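Engineer: Quick one: sequence and predicted model below, then my questions.
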Amino acid sequence: MAEMRLALRTAEVIAVGSELLGWTRVDTNSLFLSERLASLGIQLTLKTVAGDDRDRLADVFRHALDRADLVVLTGGLGPTDDDVTREVVAAVLELPLIEDPSIVERIERRFARRGLRMPEINRRQALVPKGATVLENANGTAPGLLIEAGVRVVVLLPGPPRELQPMMEALVSGALAERATAERLYRRVILITGRSESHVEEAVQPLYSRWRTASPPIETTILASPGQIELHLTVRAPSAAATQAALASATAQVRDAIGDDVFSTDGRSLEEIVGDLLRSRHLTIAVAESCTGGLLLSRLTDIAGSSDYVLGGVVAYSNAAKTQFLDVSANLIAAHGAVSEPVAVAMAEGIRSGTSSDVGVAVTGIAGPGGGTPQKPVGTVAIAAVGPDGLARVRTLLFPGGRALVKFQASQEGLDMVRKMLIAGC
Ligand code: AMP
Ligand code: MG
């Protein structure tokens, strides 16, 4: 069709649901939507959380339509009386709601599969504003809707993330992609561990100004969380080809500046990287943990297929457990303390020989808030890794933060020691 259509540049999201105004639920859909919209070069310019209230929602929706090319509403598509999104949107756009028999049938079939009759109230979910496109919901009863409102586009999606996400993915590769501008955002995420945010910033700063004036220009964002720094490189350009070369070159420059502390440039997590290194070298790993309570092994086993290289592990929390399960001598613990490099090494050696793994890694530390001393304050963690060469690497670190953060950072450093040991070719 030759009709004039506005290229979508800006979007607003309205998250609908009174529970989102309370203190127990938070709107996460808009985070997901923002990222998916950005991939199409559509900028999220404002987001609103609205309760299940017809008048306020109508007001918010009307204003959003005045400001943005695309308005995405999430939630409030359920069958009950407090689900008002569909009716409010139809009313504001002055579109009659018409029952779509194929939706009724589909919902009836969903209930029938569970041996149930469709409650009459579910008929509301089959009401479609005249002219709207119905979006299949593979994971629930409420279909989504796409409405052409003059030059604007309005999208209604169900609230539950597992229902909304696949529907949005379909829109991003279909109807919304057709309506976006030719420009796309291309992003590369570089993950770094083992340095502070300011050290990363210092090392990378000289690159920023060069990138900003390059063609195409590369924008950077640095995001720090304990144990991990993320460097996001973004390029807005009409084609992937030139962009990929620019991003690859920028990534190589970061690697030159930061070295092995860069652990991922392709979206893989640290546990995935470690797993891939172990698998490619046909090596196995086993874990001995004290203060991390199994977190390190849990992270390794978060990866599908980790049974190829994970043999197992022991959580040896007490001194007696360290002796009983890992063969750490009681004298060694008495001489150096449970949180010490000799004990960490003995734990790693103990699990390695006990399981006959190629790599043994161990963590022992003080997660707090109690248990610290002037010599070994809360956050002190000794980490050891023994490689296929039988040699031990050991470090003692002092992590900031509360219990959960100390545990996470210790697991991160344990994984990273294994990674660095393997890339060094041991
Ligand atoms: P609804 O589509 O309004 O019936 O929403 C059903 C459920 O989806 C709610 O109880 C929430 O658990 C979830 N939900 C709704 N809106 C959001 C949102 N913006 N972010 C995350 N979860 C949501
Ligand atoms: Mg709701």
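Structural biologist: Cool, got the structure. Ligands and ions are numbered 1, 2, ... in the order given.
Engineer: wait, doesn't residue 147 sit right on residue 131?
Structural biologist: Yes - if you go by CB atoms under 8 Å, residue 147 and residue 131 touch, sitting 7.1 Å apart. In this view, the C-beta of every residue, glycine as well, is placed from N, C-alpha and C.
Engineer: intersection of neighbour lists for those two?
Structural biologist: Taking CB atoms under 8 Å, 6 or more residues apart in numbering as the contact rule, residue 147 and residue 131 both touch residue 95.
Engineer: more neighbours, those two?
Structural biologist: Neighbours per residue, other CB atoms under 10 Å: of residue 147 and residue 131, the larger number sits with residue 147, 20 against 12.
Engineer: if I look at the more buried one, how far off is ligand 1?
Structural biologist: For residue 147, the distance to ligand 1 equals 17 Å [CB to the nearest ligand atom, to the nearest Å].
Engineer: Who is that residue paired with across the strands?
Structural biologist: residue 154 (DSSP bridges).
Engineer: What confidence value was assigned to the residue of the chain found nearest ligand 2?
Structural biologist: Using CB to the ion, the closest approach of the chain to ligand 2 is made by residue 17 at 3.9 Å. Residue 17 is assigned a pLDDT of 97 by the prediction.
Engineer: List phi and psi for it.
Structural biologist: Geometry field for residue 17 lists phi and psi as phi 150, psi 120, criterion degrees, to the nearest 10.
Engineer: now it, nearest residue through space, not along the chain?
Structural biologist: The shortest distance from residue 17 to any residue that is not its chain neighbour, by CB to CB, 6 or more residues apart in numbering, is 4.3 Å, and that residue is residue 75.
Engineer: who's in contact with the residue in the chain positioned nearest to ligand 1?
Structural biologist: Across the chain, the shortest distance to ligand 1 (CB to the nearest ligand atom) belongs to residue 159, at 2.5 Å. With contacts defined as CB under 8 Å, 6+ apart, residue 159 is in contact with 15, 16, 17, 29, 74, 75, 76, 77, 78.
Engineer: Would you list the phi and psi of it?
Structural biologist: Comment: the main-chain dihedrals of residue 159 come out as phi -70, psi -40, following degrees, to the nearest 10.
Engineer: Residue 194 too?
Structural biologist: When quoted as degrees, to the nearest 10, the phi and psi of residue 194 stand at phi 90, psi 0.
Engineer: That one: what's it in contact with?
Structural biologist: For residue 194, the contacting residues are 261, 413, 416, by CB under 8 Å, 6+ apart.
Engineer: change it to 10 Å
Structural biologist: Remark: with contacts taken as CB atoms under 10 Å, 6 or more residues apart in numbering, residue 194 is in contact with 200, 227-229, 258-263, 397, 412-413, 416-417, 419-420.
Engineer: In helices only, show me those.
Structural biologist: When helices are assigned by DSSP state H, the members of these inside them are 200, 258, 412, 413, 416, 417, 419, 420.
Engineer: Any figure for the gap between the residue lying closest to the last one once chain neighbours are set aside and residue 355?
Structural biologist: Excluding its sequence neighbours, the residue lying closest to residue 420 (CB to CB, 6+ apart) is residue 260, at 6.0 Å. The spacing between residue 260 and residue 355, counted by CB to CB, to the nearest Å, is 27 Å.
Engineer: Looking at the two now, which is surrounded by more residues?
Structural biologist: For the pair residue 260 and residue 355, the greater number of neighbours falls to residue 355 (19 against 14), based on other CB under 10 Å.
Engineer: Sticking with the residue of the chain positioned farthest from its centre, tell me its helix or strand.
Structural biologist: In terms of distance from the mean C-alpha position of the chain, residue 331 ranks first, at 44.4 Å (CA atoms, centre = their mean). Remark: residue 331 resides in helix 330-336, with elements defined by DSSP states H and E.
Engineer: likewise residue 26?
Structural biologist: If you go by DSSP H and E, residue 26 is not part of any helix or strand.
Engineer: switch to numbering from 27
Structural biologist: Okay, using 27 as the starting number, the last item reads as residue 52.
Engineer: Could you tell me how many residues sit around it?
Structural biologist: Look at residue 52: counted by other CB under 10 Å, it has 13 neighbours.
Engineer: ok, now which ones touch it?
Structural biologist: Contacts here follow CB under 10 Å, 6+ apart; on that basis residue 52 touches 41, 45, 46, 75.
Engineer: Tell me the pLDDT of residue 158.
Structural biologist: Per-residue pLDDT puts residue 158 at 97.
Engineer: now residue 27
Structural biologist: At residue 27, the predicted lDDT confidence score is 42.
Engineer: same thing with the one 3 residues further on?
Structural biologist: In the predicted model, residue 30 carries a pLDDT score of 61.
Engineer: Touching, residue 186 and residue 55? I think so.
Structural biologist: Yes - applying CB atoms under 10 Å as the test, residue 186 and residue 55 come out as touching, 9.0 Å apart.
Engineer: between those two, who's got more neighbours?
Structural biologist: residue 55 (25 against 17).
Engineer: The more buried one - nearest residue in space that isn't next to it in sequence?
Structural biologist: If you skip the residues right next to it in sequence, residue 55 has residue 100 as its closest partner in space, 4.5 Å away by CB to CB, 6+ apart.
Engineer: Could you give the bridge partners of that neighbour?
Structural biologist: For residue 100, the residues forming beta bridges with it (DSSP bridges) are residue 41, residue 183.
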